[in-house]
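Colleague: after the sequence you'll find the predicted model.
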Amino acid sequence: MASISKSLLTATRIARSSSLKWGPDHPPSSFLYSHSAAAVPELQQPAPPPPPLPLPKPTATSRSQEKQRGWTRFLLFVPGAITFGLGTWQIFRRQDKVKMLEYRQSRLEMEPIDCKHITPSSENLDSLEFRRVICKGVFDESKSVFVGPRSRSISGVTENGYYLITPLMPLPNSPESLQMPILVNRGWVPRSWRDKSLKVLEEGEHPQSTESTDIQQESSSWWSFWSKKPTITEKEHIPQTKLDEVVGVIRGSEKPSIFVPANDPNSCQWFYVDVAEIASNCGLSENTIYIEAVNEKVNPCKPYPIPKDNNALIRSSVMPQDHLNYTFTWYSLSAAVTFMAFKRLQPKKMTR
């Protein structure tokens, strides 16, 4: 019995000492092994993804940058819109030009008006533009004006010349003559005509007819002074002045472009037709009627001046076909710049 109690006491001491050695912070090896075996599968599982970061709040600077980018994208389409508008404008311009040419053609097909019934003070003078008129009078060659230079193509060769504008004066005591002087654009003449006219002005000479010169010489002779019979005979044989008949179209002043210089009457340089200025230079009223002669009754013995034909009167500097070409050009440019703007706004592909 004493040995049994001693062995129990020894076992109790060993148990106490082992519990004190390991304690709660140092579990026994069997405990560690069981827990390590259970923790292995937990380490093999994938870790959960981290939570997303919060988006930064937009600031005033970022907002202004976004607005600038929006305006920049909008400006990329402005050239396309402008060119498209210009193309559309050319379509309307073509329609107006077609109506204007038809109006001129219909006016030229009307019966001509006698110029005796038209006065510069008529209220409907502007409404008579492009109406044909018949005028009879006498040309005052000493007051002719050369407007130009104006080119003319003859058999494929371009030659420079001028438009000859001469006052058509009434003939007193003639029932067929016009009542008021008018300005007549007689047509195109070569440069030599203007050079000869300037030379005559510099020399102070004035062209006179052969008949009037002969009459003055004989009337101043001593025989015609003492005898009345030859003088009467001379007067009886004085030929009557022949009226010049002109068929023309009533027109107005030209509208020069910004590249055309101003007229200089002092040096006899006329670059465009200004009816009031030319009439004043010729000593006529500023509201003088201005017509352009047409080639209806042309004398084949006198090749110059060359009057205008009906096609030249109707023709404009920009014809309807030109407006179609301009429309095609503007629309092509609009499509090209718009396509470039779309390509510019497309996101770029990332290259590896």
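Modeller: Thanks, I have it.
Colleague: quick one: low-confidence parts of the chain?
Modeller: Confidence mapping of the chain against pLDDT under 70 gives the ranges 1-47, 53-71, 121-124, 204-240, 296-300, 348-352.
Colleague: for it, which helix is longest?
Modeller: Identified as the longest helix of the chain according to DSSP state H is helix 78-108.
Colleague: what's the next helix or strand after it packed up against?
Modeller: In the C-terminal direction, the helix or strand that comes right after helix 78-108 (DSSP states H and E) is strand 113-114. With contacts defined as 3 or more C-beta pairs under 8 Å, 6 or more residues apart in numbering; DSSP states H and E, the packing partners of strand 113-114 are strand 132-139. Placement of C-beta: from N, CA and C, glycine included.
Colleague: could you list the buried residues of the longest helix of the chain?
Modeller: With burial defined by 16 or more other C-beta atoms under 10 Å, the residues of helix 78-108 counted as buried are 79-80, 83-84, 86-87, 90, 93-94, 97, 104, 107-108.
Colleague: from those residues, which is closest to residue 188?
Modeller: When the buried residues of helix 78-108 are compared for distance to residue 188 (C-beta to C-beta), residue 108 wins out at 19.4 Å.
Colleague: what segments of the chain are helices?
Modeller: In chain order, the chain shows helices spanning 2-22, 29-44, 60-75, 78-108, 191-203, 210-219, 222-226, 229-236, 275-281, 310-314, 320-345, with DSSP H as the criterion.
Colleague: ok, now which ones touch residue 132?
Modeller: With C-beta atoms under 8 Å, 6 or more residues apart in numbering as the criterion, the residues that contact residue 132 are 108, 110-113, 247-249, 294.
Colleague: apply 6 Å and report the result again.
Modeller: Residue 132 is in contact with 112, 249, counting by C-beta atoms under 6 Å, 6 or more residues apart in numbering.
Colleague: likewise for the one 4 residues further on?
Modeller: For residue 136, the contact set (C-beta under 6 Å, 6+ apart) comprises 176-177, 243, 245.
Colleague: inside strands: which ones of these?
Modeller: Applying DSSP state E to these, the entries found in strands are residue 245.
Colleague: please spell out the ChimeraX selection for the buried subset of the contacts of residue 136.
Modeller: This is how ChimeraX selects the buried members of the contacts of residue 136, with burial counted by 16+ other C-beta under 10 Å:
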select :177,243
